[in-house]
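Turn this into a model:
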Amino acid sequence: ALSMRLPRSTWPRPLALLSSRVVGQGGRSLSSLRPANRSRPFRRADASHTVAKLKAGLEKKPVIKQNGSQPLGLMELIFLGTSSAAPTTSRNQQAMAATVGGETWLFDCGEATQLQMVRAGIAPLSISRIFISHLHGDHVFGLPGVIAAAGSSSMSQVASTLEVRRWDKVPLQIVGPEGIGAWIRTVLGNSYVGLGRIRLQIHELRGLEAFNQPGHMPHVSGVRPLKAEIPGEIIYPSPDGAWHIPQPEGVGSAPSNPSRRLKVKAVEMDHTVPTVGYVLDEISRPGALHANRIHPILKAHDLPLKLLREFKTGTPIPLPTGEVLHPEDFMESSTSRRVAILSDSRDSSRALAHCADADILIHEATNACLQRDRETGRGPELVEMQTVEHGHSTPEMAAKFARAANARHLILTHFSPRYIGSGHGSSMALMEEIAALARVHFHGPVRTARDFLRIQLYPSGHLREVWPPPQPYQFLSWPSVEPYDRRTMLPRRPEAMDDERRDLEAPYE
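Numbering: from 1, shown residues only. Presented below is the predicted three-dimensional model:
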């Protein structure tokens, strides 16, 4: 501003160059190339018309539509981690993202979930709800990083836009068993995490039967709320045995968001610690209207066609003659989608009624009795017994539950670190052997997930899968340190590494 008051000859050289006339080819000014009917692209921020425009936008009242009035459209499930207990070179710890109505919901958040989100192209600010199944480390250790990344992004992106961000209105909702609130407050508070414009709302699930067992109550409780936290709810089970999760609410929230057409409920799982699974139920969509049948009737009685708007939602239309047109006589049956995400469990029977007729059932299958197990004398009974002792399921157990629930598609996940998920030859053969065990008891489609698998569920119920390319598998060789075996922690023989490398590079038939 001071330079503008001085003669141009005294200006600094860079400023003088910027203020000089830029001439293009042919001697014409570049500014003359702008179309004559186009207004100037930039205006001063302190111009009176800009201030008036901002004030008008802030004072304008939003149009409130009926709850969930917009269609939901495509649902996409992205597996960000499919390993149990520990990450491997080909699988991350448990995490799954669901994109619904322009938002992203996270189900569990294992270590390095933030890195997996970067690789999958998921922005931290798109996360609106996070559902935690239980407080084992492989399901929550990545949660603080994801929350901190969202807080940092809110400050860098909000300042550069005139639009009031959603984060100023609707909080980031986190749901989990009792103890999740104290854990988040302790980690974020003692780490001095700044959450920017993010507002947290933590809902805790209480009343789980597992809390009645010795040693299952949280060790830490009563931690004071964070500065960026707004009060959440303590949710108890309903008479149907499920915990119904409330929709995110806030000042100026948009109830017409398509994601509000999904109702989420938690169901208790039988694991070694208090654990829940989550079921996503879509509000029924009206079936197709037979317009060629009802339009002539309305025209014959001089009734406006706008009555069909309420007619599609179930409101009958009375005729002047005394007759009544009922929606079920002129519309096809309503449809909806259901997705069940069942985490660590050795017995999922409590969730059976809530998972009935699920379009997609995602179930854990930590251990399996494979051919190499039978060769060493470990039969199916022994493998299942050891798996149940650790609170987990086998592919056969997951398949039996899917058959009892009459699910359409079964997707297995949460595999032991022993099972490579790189997508190469031996990995594909291994996963096919696990899927074959499940197909013995479940005759629908069975898939074994690996990191970055995308499942797209259309409103019609049609399912499309997008498999990631095989991962680059590298054998690390640190200076003066030999590669070791994860199970024995002993140095591995070079010839064993060569055999495994050739097996991985072999094409899968």
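
where exactly do the strands run in the stretch 201-350 of the chain?
229-230, 234-235, 243-244, 262-269, 275-282, 317-318, 324-325, 338-342 (DSSP state E, counting those that start in this stretch).

model confidence over the fourth one, on average?
Strand 262-269 shows an average pLDDT of 96 in the prediction.

just checking, what packs against that strand?
With contacts defined as 3 or more Cβ pairs under 8 Å, 6 or more residues apart in numbering; DSSP states H and E, the packing partners of strand 262-269 are strand 127-131, strand 243-244, strand 275-282. All C-beta atoms are positioned from the backbone trio N, CA, C, and that covers glycine.

Likewise for the third one?
Other elements packing on strand 243-244 under the criterion 3+ Cβ pairs under 8 Å, 6+ apart are strand 262-269.

rewinding a little: okay, the strands of the stretch 201-350 of the chain in JSON lines with distance to Asp302 next?
As requested, the strands of the stretch 201-350 of the chain are exported to JSON lines (distance: least, Cβ to Cβ, whole Å):
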{"stretch": "strand 229-230", "distance to Asp302": "53"}
{"stretch": "strand 234-235", "distance to Asp302": "51"}
{"stretch": "strand 243-244", "distance to Asp302": "45"}
{"stretch": "strand 262-269", "distance to Asp302": "40"}
{"stretch": "strand 275-282", "distance to Asp302": "37"}
{"stretch": "strand 317-318", "distance to Asp302": "13"}
{"stretch": "strand 324-325", "distance to Asp302": "15"}
{"stretch": "strand 338-342", "distance to Asp302": "42"}
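
residues near Gly322, how many?
6 (other Cβ atoms under 10 Å).

Check Leu289 too.
Counted with other Cβ under 10 Å, residues neighbouring Leu289 total 16.

again, but for Met217
Counted with other Cβ under 10 Å, Met217 comes out at 13.

Surely Ala429 is within a strand?
No. Read with DSSP: H, G, I helix; E, B strand; the rest coil, Ala429 is helix and lies in no strand.

Could you shift the numbering so residue one becomes 116, and keep it that way?
From this message on, residue numbering opens at 116, which makes the last subject Ala544.

Tell me how far it lies from Arg579.
Going from Ala544 to Arg579 by Cβ to Cβ, to the nearest Å gives 24 Å.

just Thr436 next, same as before
Thr436 sits 48 Å away from Arg579, going by Cβ to Cβ.

Looking at those two, which is more packed in?
Per other Cβ under 10 Å, whichever of Thr436 and Arg579 has more neighbours is Arg579, with 11 against 7.

ok, how many other residues are close to Ser241?
17.

hang on, the earlier thing: got the helices and strands packed on strand 377-384 as TSV, with mean pLDDT and distance to Pro286 columns?
As requested, these are exported to TSV (pLDDT from 0 to 100; distance: least, Cβ to Cβ, whole Å):
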stretch	mean pLDDT	distance to Pro286
strand 242-246	95	9
strand 358-359	98	18
strand 390-397	97	19
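
In stretch 259-273, which residues are buried?
Neighbour-count burial for stretch 259-273, counted by 16 or more other Cβ atoms under 10 Å, picks out 259-269, 272-273.

partner residues bridging Ala212?
Ala212 has these beta-bridge partners by DSSP bridges: Ile193, Leu221.

Could you measure from it over to Ser241?
9 Å.

For the two, list the residues in contact with both.
Each of Thr219 lies in contact with both Ala212 and Ser241 under the rule Cβ atoms under 8 Å, 6 or more residues apart in numbering.

What are the boundaries of the helices in the stretch 416-565 of the chain?
With DSSP state H, counting those that start in this stretch as the criterion, the stretch 416-565 of the chain has helices at 422-426, 442-445, 486-490, 495-504, 510-520, 540-554.

Kindly provide the distance from Trp358 to Gly492.
43 Å.

Tell me which of the two has more neighbours.
Neighbour tally, Trp358 and Gly492, criterion other Cβ under 10 Å: the higher count belongs to Trp358, 24 against 7.

from what I can see the more buried one touches Ala381, true?
Yes. Contact status for Trp358 versus Ala381: in contact at 4.0 Å, counting by Cβ atoms under 8 Å.

Need the overlap of contacts for those two.
Between them, Trp358 and Ala381 share the contacting residues 320, 350, 391, judged by Cβ under 8 Å, 6+ apart.

Burial check on the second one, number of neighbours?
In this case it means Ile350. Neighbours of Ile350 under the rule other Cβ under 10 Å: 19.

before we move on, what about Pro584?
Using other Cβ under 10 Å, Pro584 has 7 neighbouring residues.

State the number of residues packed around the closest residue to it other than its chain neighbours.
Nearest residue to Pro584 in three dimensions, chain neighbours excluded: Gly538, at 7.0 Å (Cβ to Cβ, 6 or more residues apart in numbering). Neighbourhood size, Gly538 [other Cβ under 10 Å]: 21.

check contacts around Gly538.
Gly538 makes contact with 205, 565, 582-586 under the criterion Cβ under 8 Å, 6+ apart.

Which residue is the nearest non-sequential neighbour of Asp459?
Using Cβ to Cβ, 6+ apart and skipping the chain neighbours, the partner closest in space to Asp459 is His386 (4.6 Å).

what sits against that neighbour?
249, 325, 458-461, 506.

Most neighbours among the contacts of Gly538, which one?
Neighbour counts for the contacts of Gly538, by other Cβ under 10 Å, peak at Arg565, which reaches 25 neighbours.

Return the distance of that residue relative to Ala200.
Relative to Ala200, and taking Cβ to Cβ, Arg565 is found at 17 Å.

Touching, Trp298 and Glu319? I think so.
No. Contact criterion Cβ under 8 Å: Trp298 and Glu319 do not qualify, at 10.6 Å.

residue ranges with poor pLDDT in this structure?
Within the chain, the stretches with pLDDT under 70 are 116-185, 272-284, 365-371, 588-624.

Which residue ranges of the stretch 166-315 of the chain form helices?
Using DSSP H, counting those that start in this stretch, the helices of the stretch 166-315 of the chain run over 228-235, 252-255, 258-273, 295-305.

packing partners for the first one?
Yep, that's helix 228-235 we're talking about. strand 190-196, strand 210-215, helix 258-273.

for these, which one sits closest to Met446?
strand 190-196 (23.3 Å; Cβ to Cβ).

packing partners for the closest one?
Judged by 3+ Cβ pairs under 8 Å, 6+ apart, strand 190-196 is in contact with strand 210-215, helix 228-235, strand 569-572.
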